[in-house]
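Q: heads up, no residue letters with this:
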């Protein structure tokens, strides 16, 4: 199992439309990648581990797939459509990391 983490960095002028993301973008992406998507979690940042410091990410989304190959074959044909939707909900550029799930 692999996890695709999409991390939206915080910043001084970052805007993020939570309603659009949850009700339009995530359903769009899930529909496009189809059954290859095994699970999804969306985490909205609340606080930093150091009191008073800003959160490093406004949102962290974690998507699970069986393998890198299953993710790539499901995502690649729809990458442009998914990525061009970003300006509809944020002005920050996401960081994407693919990890192997051990536990």
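A: Everything's here; your move. The structure displayed is predicted, hence computed values, not measured ones.
Q: CA atoms for contacts and neighbours, from now on please.
A: Fine.
Q: all helices of the chain, in order?
A: With DSSP state H, the ranges of helices along the chain come out as 18-20, 26-33, 68-75, 79-83.
Q: And the shortest one, what's buried?
A: By 16 or more other Cα atoms under 10 Å, helix 18-20 has no buried positions at all.
Q: and the closest residue in space to residue 57 that isn't next to it in sequence, how many neighbours?
A: Setting aside the residues directly before and after it, residue 57 is nearest to residue 9 in space (Cα to Cα, 6 or more residues apart in numbering), at 4.2 Å. Per other Cα atoms under 10 Å, the neighbour tally for residue 9 reads 16.
Q: how close does residue 9 sit to residue 3?
A: The spacing between residue 9 and residue 3, counted by Cα to Cα, to the nearest Å, is 18 Å.
Q: re the thing from before, distance-wise, check the residue nearest to residue 57 relative to residue 36.
A: To residue 36, residue 9 is 26 Å away according to Cα to Cα.
Q: Residue 24 now?
A: 19 Å.
Q: More neighbours: which of the two?
A: residue 36 (19 against 14).
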